[in-house]
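Trainee: return atomic coordinates for the entry below.
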Amino acid sequence: MFNKYFSFSCKLVLLGAASTSLLFVVLQLEGVEKNISSYFTSIDGFLFFRWALLVVTTIAWFVYLLRNKIKVRVLNYLDIYEQVVNSDSHYDSRLYAFPQVYTSLMVPLVLIGLVLIYYSVTDTKQYMEIIDEDGLIEYASFAFWFLAAMIGLVSLYIGSVKSKLRTIIYLCLISFFFVCGGEEISWGQRIIGFDAPELMMSINKQQETTLHNIGSISLFANVFFILTVLFFVLIPYLQSKVTSLKIFLSASGISNIGGYLFRIYSVAIVIWIVIGLRFGTLGFHPFSIWGYYTQMDDEAFEFLAAYCFFCYSVLDFYCQRNIQRS
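Mentor: All right, here's what the predicted structure looks like:
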């Protein structure tokens, strides 16, 4: 059943991406694309579509080419999952309970949020200085990404459960934290003082050495937002509702700290929404209701997300330490 639906899904995604790519080629040959792009330029929508299409097509091709290896891997993990769930493995909630650490992480978030909201309401100029390039928010975001990566490395090392799934997840997260930190400061471009390559200058919206500003800022910002929702909302929800998943992840050495993470993320989202509504720029789009710069809330969200992932690393570290001592 899995083989059938997996093969069908791969072909469907690949066909859809290829068809849309062909449509853009036809539009370009007919000269229609130029008129469409001129209409969309002011709202960045056309660039969003083109880069989204490129990303989806690339992923679709890789999935299709590697479909047999992916099937073997997935089926293998499904077998392991079934074996663990049907074994004598159990879930010990005491390993994942440390309210004092959670409180020590939540309090700074609330205080920082109140400061950001205060300046956004009372002193727009000061707020803009805080979120400006090479400003306090940007370097603080980099610091939290860097700390998250370093703590993740320590947690990977001290973890007593040596499963392949756990190692893959940790390496992916650490790499993600590292890349986000580098992107936040444009990989040190302004600190060291080097110029971006000419090709990067021509396709980067901010003419920097960054990936997330290529073509469309909105595309990467929206994808990043969806990733945070999956990480801090969907996964914790599934862990809390699906007992077999909870047992499997626990047996694999994966921390179950979703309740703490969901509450921290919820507070961060509230802060972001208040700031976005204040400036009329809520969300990752180029529109502005009140006439303010459209990234007035984007920078705040990037910082809040960095802090949330830092909180994950800290809480996960305590989980791994408890598991090691148990």
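Trainee: tell me how many other residues surround Asn256.
Mentor: Applying other Cβ atoms under 10 Å, we find 21 residues neighbouring Asn256. For glycine as for every other residue, the C-beta is placed from the backbone atoms N, C-alpha and C.
Trainee: quick check, it in contact with Leu249.
Mentor: Yes. Contact criterion Cβ atoms under 8 Å: Asn256 and Leu249 qualify, at 6.4 Å.
Trainee: overlap of the contact sets of these two?
Mentor: Common contacts of Asn256 and Leu249 (Cβ atoms under 8 Å, 6 or more residues apart in numbering): Gln239.
Trainee: dump the residue contacts of the closest residue to Trp145 other than its chain neighbours.
Mentor: Of all residues not flanking Trp145 in the chain, Gly181 sits nearest, at 3.2 Å (Cβ to Cβ, 6 or more residues apart in numbering). For Gly181, the contact set (Cβ under 8 Å, 6+ apart) comprises Ser141, Phe142, Trp145, Phe146, Ala149, Ala306.
Trainee: how about Ala268?
Mentor: Listed by Cβ under 8 Å, 6+ apart, the contact partners of Ala268 are Leu109, Gly113, Phe301, Leu304, Ala305, Tyr307, Cys308.
Trainee: any idea which of the residues you listed is least confident?
Mentor: Taking pLDDT as the measure, these have their low point at Phe301 (92).
Trainee: that residue: which element?
Mentor: helix 298-325 (DSSP states H and E).
Trainee: shaky segments in the stretch 201-326 of the chain?
Mentor: Across the stretch 201-326 of the chain, residues meeting the criterion (pLDDT under 70) sit at 201-219, 284-288, 290, 325-326.
Trainee: surely Gly280 touches Tyr292?
Mentor: Yes. If you go by Cβ under 8 Å, Gly280 and Tyr292 touch, sitting 6.4 Å apart.
Trainee: for whatever helix or strand Lys246 lives in, buried residues please.
Mentor: Assigned by DSSP H and E, Lys246 belongs to helix 243-251. Of the residues in helix 243-251, those buried under the neighbour-count criterion (16 or more other Cβ atoms under 10 Å) are Leu245, Lys246, Ile247, Phe248, Leu249, Ser250, Ala251.
Trainee: give the next helix or strand downstream of it.
Mentor: Scanning forward in sequence from helix 243-251 by DSSP H and E, the next helix or strand is helix 258-279.
Trainee: next, the buried residues of that next one.
Mentor: Those would be 258, 260-262, 264-265, 268-269, 271-272, 274-276, 278-279, for helix 258-279 by 16+ other Cβ under 10 Å.
Trainee: just the CA coordinates of that helix, formatted as CSV?
Mentor: C-alpha atoms of helix 258-279 as CSV (Å, rounded to 0.1, in the frame of the first residue of the first chain):
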residue,chain,number,x,y,z
GLY,A,258,6.5,19.7,23.1
GLY,A,259,4.3,21.2,25.8
TYR,A,260,7.0,23.6,26.9
LEU,A,261,7.9,24.5,23.4
PHE,A,262,4.3,25.1,22.3
ARG,A,263,3.8,27.6,25.2
ILE,A,264,7.0,29.4,24.4
TYR,A,265,6.2,29.6,20.7
SER,A,266,2.6,30.8,21.5
VAL,A,267,4.0,33.8,23.5
ALA,A,268,6.4,34.6,20.7
ILE,A,269,3.5,34.5,18.1
VAL,A,270,1.4,36.9,20.3
ILE,A,271,4.3,39.3,20.5
TRP,A,272,4.8,39.1,16.7
ILE,A,273,1.1,39.7,16.0
VAL,A,274,0.9,42.7,18.3
ILE,A,275,3.9,44.3,16.6
GLY,A,276,2.5,43.4,13.1
LEU,A,277,-0.9,44.9,13.8
ARG,A,278,0.7,48.0,15.3
PHE,A,279,2.5,48.7,12.0
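Trainee: which non-adjacent residue is nearest Asp132?
Mentor: Nearest non-adjacent residue to Asp132, counting by Cβ to Cβ, 6+ apart: Glu138, 7.8 Å away.
Trainee: ok, and the most crowded of the contacts of Ala268?
Mentor: Result: Leu304 is most packed of these (other Cβ under 10 Å), 27 neighbours.
Trainee: average pLDDT across the helix or strand encompassing Val63?
Mentor: Val63 is part of helix 45-65, with elements assigned from DSSP H and E. Averaged over helix 45-65, pLDDT sits at 65.
Trainee: nearest residue to Tyr260 in space, please, no chain neighbours.
Mentor: Distances taken as Cβ to Cβ, 6+ apart place Tyr102 nearest to Tyr260, at 4.7 Å, with adjacent residues excluded.
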